[in-house]
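**Q** just a sequence and a predicted model for now, questions to come.
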Amino acid sequence: MKLLCISGSPRGKSSNTLKLVEEALAGATEVEPDISVEQVHLGELHIEFCTGCGACHKKLLACPLKDDIGEVLKKMLDADAIILASPVYINQVTAQSKVLLDRSSPFVHCQMLRGKYSAAFATSGGGPHEMVPEYLKEYLISCGAQYVCGVSAPMSGMQEARKKARALGEKLVRAVKEQKTYHDQLALMQKRKAFFKPVISSRKDEWKGEYDYWRQKGWL
């Protein structure tokens, strides 16, 4: 089982949000000692803003920008479970996190993370924090990954949040092992497929890579 943890904190390994991720990993390894865990710190990578050129739609996930995002996307495709973590910056994910999401739009158009399970973490200095896991949940389900749970907290609530994070790690691994089904999320994915089907069909030349992916899946 492969578990990929992606942190959007610019503080790298000194991130407070990472402390919750580490608790989740401790819980995950209790359930599955042989689990393969990889951590990616976006703040330590060379990443550039999406320019909206559309190259990744025409040739699936191809991008003219020469940076590290492509490798991160490959790791996401190779994982069984994905954890996204970000501190709260002005009521949202960090810029580093947002760049990753922006650069992965074929994941959304084609639900390329189907069959995977996911979770999210967020921390704030002391203000609102719940909106970030909810935003990441929306993104992950849009990509086809079933969302197990999220944990967020202000710094004053970290002690309790750590307990929840450890339990979440256990829950995430069990969901993968048992291939748990979240019927409401699968129904939402089907609804989004119905929305994108005419869009993909109408742009079969402009978005050839995505069109071919849909045909291979038997969705057209």
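**A** Sure, I can see it. Just so we're clear, the structure is a prediction, and the values are computed from it rather than from any experiment.
**Q** give the buried residues for the helix or strand bottoming out on mean pLDDT in the chain.
**A** Ranked by mean pLDDT, DSSP states H and E, the weakest helix or strand in the chain is helix 16-31, scoring a mean of 93. Within helix 16-31, the residues that qualify as buried are 17-25, 27-29, 31, counting by 16 or more other CB atoms under 10 Å. Every C-beta, even on glycine, is put in place using the N, C-alpha and C of the backbone.
**Q** for stretch 156-174, same thing?
**A** Here stretch 156-174 shows Ala161, Arg162, Lys164, Ala165, Arg166, Leu168, Gly169, Glu170, Lys171, Leu172, Val173 as buried, counting by 16+ other CB under 10 Å.
**Q** sheet-wise, list the partners of the very next helix or strand once past the least confident helix or strand of the chain with their directions.
**A** Using DSSP states H and E, the helix or strand that follows helix 16-31 in sequence is strand 36-41. Here strand 36-41 has these sheet partners by DSSP bridges: strand 2-7 (parallel).
**Q** for the partner strand, give me every contacting residue.
**A** 15, 17-18, 21, 24-25, 28, 35-43, 72, 75-76, 78-86, 100, 172-173 (CB atoms under 8 Å, 6 or more residues apart in numbering).
**Q** I would like a ChimeraX command selecting only the buried ones among those, please.
**A** Buried residues among those (16+ other CB under 10 Å), as a ChimeraX selection:
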select :15,17,18,21,24,25,28,35,37,39,40,41,42,43,72,76,79,80,81,82,83,84,85,86,100,172,173
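**Q** export the least confident helix or strand of the chain as CSV, just CAs?
**A** What follows is helix 16-31, C-alpha atoms only, in CSV (Å, rounded to 0.1, in the frame of the first residue of the first chain):
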residue,chain,number,x,y,z
ASN,A,16,2.8,22.9,12.2
THR,A,17,0.3,21.3,9.8
LEU,A,18,2.9,18.6,9.2
LYS,A,19,2.6,17.6,12.9
LEU,A,20,-0.9,16.5,12.2
VAL,A,21,0.2,14.5,9.2
GLU,A,22,2.9,12.8,11.2
GLU,A,23,0.3,11.7,13.8
ALA,A,24,-1.8,10.3,10.9
LEU,A,25,1.2,8.4,9.6
ALA,A,26,1.7,6.9,13.1
GLY,A,27,-1.9,5.8,13.1
ALA,A,28,-1.6,4.4,9.6
THR,A,29,1.5,2.3,10.4
GLU,A,30,-0.2,0.8,13.4
VAL,A,31,-2.8,-0.6,11.1
